[in-house]
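Predicted coordinates and the sequence they were generated for:
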Amino acid sequence: MNPFLKVVSPGLHTTLQDLGRFGYQEIGIPVSGALDNLSLRIANRLVGNPPETAALEILHQGPTLAVMAESVRLALAGGQGAKLEIAGRMPSSLPAWQSVRLFEGEIFRVEGPDASACCYLAVEGGFAVAPYLGSRATFVRGRLGGFAGRPLAAGELLALAAGAAPPRVELRVARPPGAGLQQPLRVVLGPQQDYFTPEALAMFFAAEYIVSANADRMGLRLEGPRLAHRQGYDITSDAIATGAIQVPGHGQPIVLLADHPTTGGYPKIAAVISADLPVVGRRRPGDRVRFAPVEVGEAERIRREQETALRSLIEQLEPADRAAQLDAAALYRENLISGVVAGDDRDS
Amino acid sequence: MANGGASRARFLACGDTALVVEFGNQVDRALSERVLSLNAALVEARLPGVVETVPTFRSLMVHYDPLATGAAELESSINRLLEASREVRRQASLWRVPVCYEPPYALDLAEVAARVKLGPEEVVARHSRKRYHVYMIGFLPGLPYLGDLDDRLVLPRRAEPRVRVPAGSVAIATTLTVIYPMESPGGWHVLGATPLALFTPGREPPALFAPGDAVLFEPVDGREFEAVRARVEAGSYELARRALCR
């Protein structure tokens, strides 16, 4: 049997994502990749993967998956309160930010974080999916990358690269990072700030915006005070960088995210700095958003500091509670005999 | 010539991961040549930290890794490339693209003809006798923005965009014409369709055209359209392509 995770239920929007597909924006293919690359990298580290390994990006409501491999090591990372609910284990609930080894036939449900939109489920060794144009990131609108270019579907078998996870001490993040949802998003003004009235620019930094229900991987649509254009809202189309804040004729800003079109014809008032992009990806409909200006040099410094902080977080992974792990393993063996699992279709 | 005599390039930050090098504000062949020259020079220069570049009508976006370089450093490196004014040879192709300007593909031909006060045959003649320049690819994977249209065919976009424009549709708006690589919403006036595949995920590169290429449209009837489509689907269609040296 090839090793798989079987999708019992797919969750709201679960896709395979990595750090992105670079080099093809010139022909209209967006970068895609994880909305929150920090959490992806931490999840990978917990299971011993290189940081760019593709993992499941889980938006809002998580999937239920069944292990169809001798064993698999998993880690969930992102936001606060996310957890794995593992059927038949006592306790059944395993918090995010730590690795765990599951065995053939176990079924688990991913419960997304409380106040944040996304989390990442990494598996040791990664998924056995061929890269497309150098990346395994899913771009759903273009139907490319990931698992057949689309979100997970019920009954689908997700091929694993490794058939078993060797035993080792499981790891956890000593102090999981905050989601950063309280701070304003830091932006660099431009490139088209001169398309807006001085009042609109002042308003942009003074006002509070609400994330609309239409937020998706393409963009975070915001609702709030209308930003008035000075000289019309059509520009000669130019290229778009992730984080750019586009303001169409209705005057409501849209923060463009991983799946944004590569070019566009609306003026961009500012762009969220790269260090704050993961925070944008974590926002949920109804969340409040404010903006604060920084200079480019400051943005670059903030990003370097963030990388240093991530490195030190990763170096300080600690063993997860060993006693709990052993208990769980023992309970698992007992449960195996009574049969927790539906294994009927395992040979299909 | 990257910067000879023309106005200076403006450098605009787009966050801390992209720098826009802007040569002007409008769709213009001379500006496009400067964009494409700088693009070729940057591809050749392989500056540290540059991730990729995206040429558009009047500016070049340089995506970079802020951990490997910075806006200030990049700006001075790019300025040196602009000042060097060295001719960098670009690879480009001239494509012949069959287009059927008949029903059921010519969704808006009659309406366009009425609006520009020309007969439908004259609209087709004027659309298909120009040699078009591929300014950029964008909006959708593989979608080329081609120009410039015959002056008489210039129209604003449709007031009511279509929810579904069929794949292969050849459409016009403003001074430009586009080909939709896949079914998509769209607000341009559809004059016809090509049976060619503009975006094929398994092909390397997956997009048929590249910025800087040239395109000729060749009117075909419905039967020829179907014949070409069958050969495209069977993988036996030979694309009419000629190398261009710039």
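Here it is on my side, so go on. Numbers count the residues shown, from 1 in each chain, chains lettered A, B, ... in the order given.

Now for the closest residue to residue B:26 other than its chain neighbours: which residues touch it?
Counting by C-beta to C-beta, 6 or more residues apart in numbering or on different chains, the nearest residue to residue B:26 once its immediate chain neighbours are dropped is residue A:236, at 5.7 Å. The C-beta positions use only the backbone N, C-alpha and C, and glycine is treated the same way. In this structure, residue A:236 makes contact with A:265, B:25, B:26, B:27, B:56, B:57, B:58, judged by C-beta atoms under 8 Å, 6 or more residues apart in numbering or on different chains.

Which secondary structure element is home to residue A:236?
When elements are assigned from DSSP states H and E, residue A:236 belongs to no helix and no strand.

Looking at the chain, name the residue that lies furthest from the middle.
If you meant another chain, say so; for now it's chain A. Summary for chain A: using C-alpha atoms, centre = their mean, the residue whose C-alpha lies farthest from the chain's mean C-alpha position is residue A:231, with a distance of 37.2 Å.

um, chain B though
What lies farthest from the middle of chain B is residue B:67; by C-alpha atoms, centre = their mean that is 31.9 Å.

How about the contacts made by that one?
With contacts defined as C-beta under 8 Å, 6+ apart, residue B:67 is in contact with A:303, A:304, A:307, B:49.

what secondary structure does the nearest residue to the second one once chain neighbours are set aside sit in?
What sits nearest to residue A:304 in space, not counting adjacent residues and going by C-beta to C-beta, 6+ apart, is residue B:67, at 6.5 Å. Under the three-state scheme (DSSP: H, G, I helix; E, B strand; the rest coil), the conformation of residue B:67 reads as coil.

how about the closest residue to residue A:135 other than its chain neighbours, what does it touch?
The shortest distance from residue A:135 to any residue other than its chain neighbours is 3.6 Å, reached at residue A:21 (C-beta to C-beta, 6+ apart). Taking C-beta under 8 Å, 6+ apart as the definition of contact, the neighbours of residue A:21 are A:29, A:30, A:31, A:32, A:33, A:132, A:133, A:134, A:135, A:137, A:139, A:145.

can you rerun that using 7 Å?
With contacts taken as C-beta atoms under 7 Å, 6 or more residues apart in numbering or on different chains, residue A:21 has the following neighbours: A:29, A:31, A:32, A:33, A:133, A:134, A:135, A:137, A:145.

State the distance from it to residue A:259.
11 Å (C-beta to C-beta, to the nearest Å).

Hmm, residue A:194 and the residue farthest from the centre of chain A touching each other?
No. At 8.4 Å, residue A:231 does not count as touching residue A:194 under the criterion of C-beta atoms under 7 Å.

What distance do you get for the closest residue to residue A:106 other than its chain neighbours to residue B:75?
The spatial neighbour of residue A:106 that comes closest, neighbours along the chain excluded (C-beta to C-beta, 6+ apart), is residue A:67 at 4.8 Å. When distances are taken as C-beta to C-beta, residue A:67 and residue B:75 turn out to be 52 Å apart.

With neighbour numbers in mind, choose between the two.
residue A:67 (24 against 17; other C-beta atoms under 10 Å in any protein chain shown).

ok, residues contacting the strand or helix carrying that one?
Under the criterion of DSSP H and E, residue A:67 resides in strand A:64-68. Contacts of strand A:64-68 with the rest of the structure, by C-beta under 7 Å, 6+ apart, involve A:1, A:3-9, A:102-109, A:346.

ok, then the element right after it?
Past strand A:64-68, heading to the C-terminal end, the next element that is a helix or strand (DSSP H and E) is strand A:71-77.

Kindly calculate the angle that that next one makes with strand A:64-68.
Taking axes from the mean of the first three to the mean of the last three C-alpha atoms, to 10 degrees, one finds strand A:71-77 and strand A:64-68 inclined to each other by 150 degrees.

ranges for the helices of the chain?
Assuming you mean chain A. Per DSSP state H, chain A carries helices over the ranges A:37-46, A:198-206, A:277-282, A:296-315, A:322-338.

hm, I was asking about chain B
So, for chain B - with DSSP H - the helices run B:29-45, B:71-84, B:109-116, B:120-128, B:222-234.
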